[in-house]
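In: Here is the input, now give the coordinates:
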Amino acid sequence: MNTQFSATEPDEEVVEASTRRRVDLDKIAQGVRLILEGIGEDPDRPGLRRTPQRVAEMYAELTAGMDEDPQEYIVPLPGDTHDEMVIVKDIQIASLCEHHLAPFVGRCHIAYIPKDGRIVGLSKLARLADTFARRLQVQERLTSQIADTLYQALKPVGVMVVIEAEHTCMTVRGVKKPGSLTITSAIRGGFRKDQRTRAEAMALIKGKA
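Out: Residues are numbered from 1 along each chain as shown. All right, here's what the predicted structure looks like:
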């Protein structure tokens, strides 16, 4: 993510998010200042003087999904029907591991089979994934939350969600294994019952169908 913040004014989205959720930017900034002091840095030197505020604004932005109701995106399109499998793949996501507050980034693939013709706008599936990703997360829970929300709100025949992500908490620290991917899946309804349908979805996601 290449988000840049103004040197003088907080980002508008950050201000809006902090107002809705009452994010205490000053408290976060104070904590960042303590971290800088704790690692032996001088938070008052020119290069770090604005760092606490920038980090506070970044965390407000990266957790903005806490302010959103993901179910509001799962509204059937009026007048449009479809009864075959729908897949939106390679949805780019970025989230924060709740164990180390370190980012993990990757791709989310969502497949569902409509019931009674009910479908949602394709962009809504991306928004659903993004809403859950922009919170403190673990990848396993993120995968299940996306699948459960779509399955409960749209009531399709089946849902499959697959996430592939690289976790900086294991690529730049700890075991230090850059390039390693964590893959999680959540399967609901017909995909769980029908192995052939599940295999078809996985082949389409992998681009081998």
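In: who touches the top helix by length along the chain?
Out: Secondary structure assigned by DSSP state H gives helix 139-154 as the longest helix of the chain. For helix 139-154, the external contacting residues (CB atoms under 8 Å, 6 or more residues apart in numbering) are 70-71, 74, 76, 93, 95, 104, 108, 110, 112, 114-115, 118, 120, 125, 128-129, 132-133, 156, 158-163, 165, 167, 182, 184-189. (C-beta placed from N, C-alpha, C; glycine too.)
In: List buried residues within these.
Out: 70, 74, 76, 93, 95, 104, 108, 110, 112, 114, 118, 120, 125, 128-129, 132-133, 156, 158-163, 165, 167, 184-189 (16 or more other CB atoms under 10 Å).
In: rewinding a little: restricted to helices, list the contacts of helix 139-154.
Out: Mapping those onto helices (DSSP H) picks out 125, 128-129, 132-133.
In: Confirm that Asp90 sits in a strand.
Out: Yes: Asp90: assigned to a strand according to DSSP: H, G, I helix; E, B strand; the rest coil.
In: Quickly note the distance from Gln145 to Ala153.
Out: With distances taken as CB to CB, to the nearest Å, Gln145 is found 12 Å from Ala153.
In: before we move on, the earlier item: using PDB, write out every CA atom in the longest helix of the chain.
Out: Extracted in PDB, the C-alpha atoms of helix 139-154 (Å, rounded to 0.1, in the frame of the first residue of the first chain):
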ATOM      1  CA  GLN A 139      -6.400 -15.100   8.100                       C
ATOM      2  CA  GLU A 140      -8.500 -18.100   9.200                       C
ATOM      3  CA  ARG A 141     -11.200 -16.000  10.800                       C
ATOM      4  CA  LEU A 142     -11.200 -13.500   7.900                       C
ATOM      5  CA  THR A 143     -11.800 -16.300   5.400                       C
ATOM      6  CA  SER A 144     -14.700 -17.700   7.500                       C
ATOM      7  CA  GLN A 145     -16.300 -14.300   8.100                       C
ATOM      8  CA  ILE A 146     -16.500 -13.600   4.400                       C
ATOM      9  CA  ALA A 147     -18.000 -17.000   3.600                       C
ATOM     10  CA  ASP A 148     -20.500 -16.900   6.500                       C
ATOM     11  CA  THR A 149     -21.700 -13.400   5.700                       C
ATOM     12  CA  LEU A 150     -22.300 -14.100   2.100                       C
ATOM     13  CA  TYR A 151     -24.000 -17.500   2.800                       C
ATOM     14  CA  GLN A 152     -26.300 -16.100   5.500                       C
ATOM     15  CA  ALA A 153     -27.200 -12.800   3.700                       C
ATOM     16  CA  LEU A 154     -27.700 -14.100   0.200                       C
END
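In: Give me the buried positions along it.
Out: For helix 139-154, by 16+ other CB under 10 Å, it's 139, 142-147, 149-151, 153-154.
In: Pull the contacting residues for the residue nearest the centre of the chain.
Out: With distances taken as CA atoms, centre = their mean, the residue of the chain nearest its centroid is Ala133 (1.7 Å). By CB under 8 Å, 6+ apart, the contact list for Ala133 reads 65, 93-95, 108, 142.
In: Strands - which of those residues land there?
Out: Here DSSP state E is the test, and the contacts of Ala133 give 93-95, 108 as lying in strands.
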